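Q: Quick one, what's the 3D model for this:
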Amino acid sequence: MKKVNYIFWYFPLCFFVFITIFIFVKFVFIFFFRAAYEPEFIFDLIPFYVLSGVNNLHLILLSLIVVVLDSYLHAKVSKKNLIFSFLPTGVMLGGLGLAIASREMAISNFFHYLIFGCLLVIVVIDHKHILMFPEIIATPKKEPLKTKIAWGKSIIARVEPQAPKVSVVDRPLRIEGIDEILTLHKETLSDLRTLINDDLQQAKTMMEELERKTRKINRLGAEIEERRKNLVQEERLFRRRFISLLDENIHVKPSKSNNRLALDVNTSKETSEHYIFIDNIQDCVAIVQRGILKQVNRPFVELLGYDINEVIGKSLFDFITPECYLEIEKYYLDRLKGVDSSGYEAVFLTKDSNKLVVEVSTRPTVFNGKKAEIAIIKEFKNK
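A: The predicted model follows:
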């Protein structure tokens, strides 16, 4: 029952606001976009349609004015406005009632009946709301002036002030709906308080979870920083061990960024002369720089059956079978560990897909100012 009264309290305002928006949108489409003059009830809200000189555009504009006025009076709820609202409501009831009375009952007039019924309900609700705004008016009653005639002269007597008579209501007025509205508001406030408490508890839980994740992220960041420092230290040790394997005069200096080491390599004259004129060597010789063949002699290309242009710039591992990768990896790991190893065995693939078992011996050198290796390949004839 409380909910029904609450809905009835706002029904007139919601109804007139909806009708106002609907008629305004329809007026815009009719005036600017030449839309159809439908539905018909928006032109029958004003009884002026019985006049021959008024067209539909005038009728919809007048209907919009009346509906806006009624919406304003219901938005500013007071006893005075509710009384004034009976005028535009009565105009709309008269227009729709005249249209319903002068036409036949048909399904096409459904909106006429619906709007007419809603307006009747609004009249009843407004009447009920007017009773909820009692005004006790106390107006002093004016006493007529009494004249006294004395010796033929008219004397105006002073009017004795009397206490104003207040209209007394025989029975106490019962303002219907106020108690229900106050109770509903209390229930709404209670529900809002409960929702706010729940939201605060949820926010507190989320903050605790966020703090826990923040601590975890900070801990992971510290671990990552510690691992980075360890990797830098390991890199330094690795570079020193790698430098110790090279038979060169090398100076190590720290770089300006990332706390890493940069190699300043000064190769002796004897070392730079090792790879000059490799074409004069009878064995298969190749200069390898970071795994890429930079220079080869003629016996090397004759061994594999390629032209020299087909070999230069390619990786040495393109000519080695994959089965030998583990052996090559073991060779370089042993060198990093300080184990003295003269070379390794490998299986080369010729251009004709023939396999050759060879022994590869390497030693460091310099090619174009950068570190490289001289690889000497000897074929095993008996394998």
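Q: same for the longest strand seen in the chain, what does it pack against?
A: Assignment by DSSP state E gives strand 355-367 as the longest strand of the chain. If you count contacts as 3 or more C-beta pairs under 8 Å, 6 or more residues apart in numbering; DSSP states H and E, strand 355-367 packs onto helix 269-272, strand 284-289, strand 343-349, strand 370-379. In this view, the C-beta of every residue, glycine as well, is placed from N, C-alpha and C.
Q: Just the CA atoms from that strand would do, formatted as CSV, please.
A: The C-alpha coordinates for strand 355-367 follow below in CSV (Å, rounded to 0.1, in the frame of the first residue of the first chain):
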residue,chain,number,x,y,z
LYS,A,355,79.9,-36.3,-45.9
LEU,A,356,83.5,-35.6,-45.0
VAL,A,357,85.0,-36.3,-41.6
VAL,A,358,87.4,-33.5,-40.7
GLU,A,359,89.4,-32.1,-37.8
VAL,A,360,89.0,-28.4,-37.1
SER,A,361,91.8,-26.6,-35.3
THR,A,362,91.3,-22.9,-34.3
ARG,A,363,93.3,-20.1,-32.9
PRO,A,364,92.4,-16.5,-32.3
THR,A,365,93.3,-13.7,-34.7
VAL,A,366,92.1,-10.3,-35.9
PHE,A,367,90.1,-9.5,-39.1
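Q: Quick check: can you name the pairing partners of that strand and their directions?
A: When pairing is defined by DSSP bridges, strand 355-367 lines up against strand 343-349 (antiparallel), strand 370-379 (antiparallel).
Q: Let me know the angle separating it from strand 284-289.
A: Taking axes from the mean of the first three to the mean of the last three C-alpha atoms, to 10 degrees, one finds strand 355-367 and strand 284-289 inclined to each other by 50 degrees.
Q: on that earlier part again, okay, the helices and strands packed on strand 355-367, which one's buried deepest?
A: strand 284-289 (a mean of 20; mean count of other C-beta atoms under 10 Å).
Q: If we ignore the residues flanking it in sequence, what's nearest Glu327?
A: Tyr344 (5.4 Å; C-beta to C-beta, 6 or more residues apart in numbering).
Q: which strand residues sit across from that neighbour in the sheet?
A: Here Tyr344, judged by DSSP bridges, has bridge partners Val360.
Q: Assess the claim that it and Ala375 are in contact.
A: No. Counting by C-beta atoms under 8 Å, Tyr344 does not reach Ala375; the two are 10.3 Å apart.
Q: Identify the contacts common to these two.
A: Residues touching both Tyr344 and Ala375 (C-beta atoms under 8 Å, 6 or more residues apart in numbering): Val360.
Q: okay, stretch 83-94 in CSV with CA atoms only?
A: Extracted C-alpha coordinates of stretch 83-94, given in CSV (Å, rounded to 0.1, in the frame of the first residue of the first chain):
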residue,chain,number,x,y,z
ILE,A,83,-5.7,24.1,-8.0
PHE,A,84,-4.5,26.0,-11.1
SER,A,85,-3.6,22.7,-12.8
PHE,A,86,-7.3,21.8,-13.0
LEU,A,87,-7.6,24.4,-15.8
PRO,A,88,-5.2,22.8,-18.4
THR,A,89,-6.2,19.3,-17.3
GLY,A,90,-9.9,20.3,-17.9
VAL,A,91,-9.0,21.7,-21.3
MET,A,92,-7.4,18.4,-22.3
LEU,A,93,-10.3,16.4,-20.9
GLY,A,94,-12.8,18.6,-22.8
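Q: before we move on, back to that, among the strands paired with strand 355-367, which is nearest Ser78?
A: Set against Ser78 and scored by C-beta to C-beta, the strands paired with strand 355-367 come closest in strand 370-379, at 95.3 Å.
Q: Please enumerate the helices of this structure.
A: Taking DSSP state H as the criterion, the chain carries its helices at 2-33, 56-75, 79-102, 110-131, 178-245, 269-272, 298-304, 325-337.
Q: Which elements pack onto the last one?
A: Looking back up the chat, that one is helix 325-337. Contact here means 3+ C-beta pairs under 8 Å, 6+ apart; on that basis helix 325-337 packs against helix 178-245, strand 343-349.
Q: do the same with the third one
A: When contacts are defined as 3+ C-beta pairs under 8 Å, 6+ apart, helix 79-102 sits against helix 56-75, helix 110-131.
Q: That one vs helix 56-75, what angle?
A: Angle, helix 79-102 to helix 56-75, by the same axes, to 10 degrees: 140 degrees.
Q: Next, the angle helix 2-33 makes with helix 79-102.
A: With the same axes, to 10 degrees applied, the angle from helix 79-102 to helix 2-33 works out at 70 degrees.
Q: any residues touching helix 79-102, and which ones?
A: Here helix 79-102 has contacts from 41, 44-47, 49-50, 66-67, 69-70, 73-74, 109, 112-113, 115-116, 119-120, 122-123, 126, 129-130, 133, 135, using C-beta under 8 Å, 6+ apart.
Q: can I get the helices and strands packed on helix 325-337 in JSON lines with distance to Ile23 and mean pLDDT?
A: Formatted as JSON lines, those follow (distance: least, C-beta to C-beta, whole Å; pLDDT from 0 to 100):
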{"stretch": "helix 178-245", "distance to Ile23": "30", "mean pLDDT": "83"}
{"stretch": "strand 343-349", "distance to Ile23": "90", "mean pLDDT": "86"}
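Q: Quickly compare the ones you listed and say which is most buried.
A: Mean neighbour count, computed with mean count of other C-beta under 10 Å, is highest for strand 343-349 among the helices and strands packed on helix 325-337, reaching a mean of 17.
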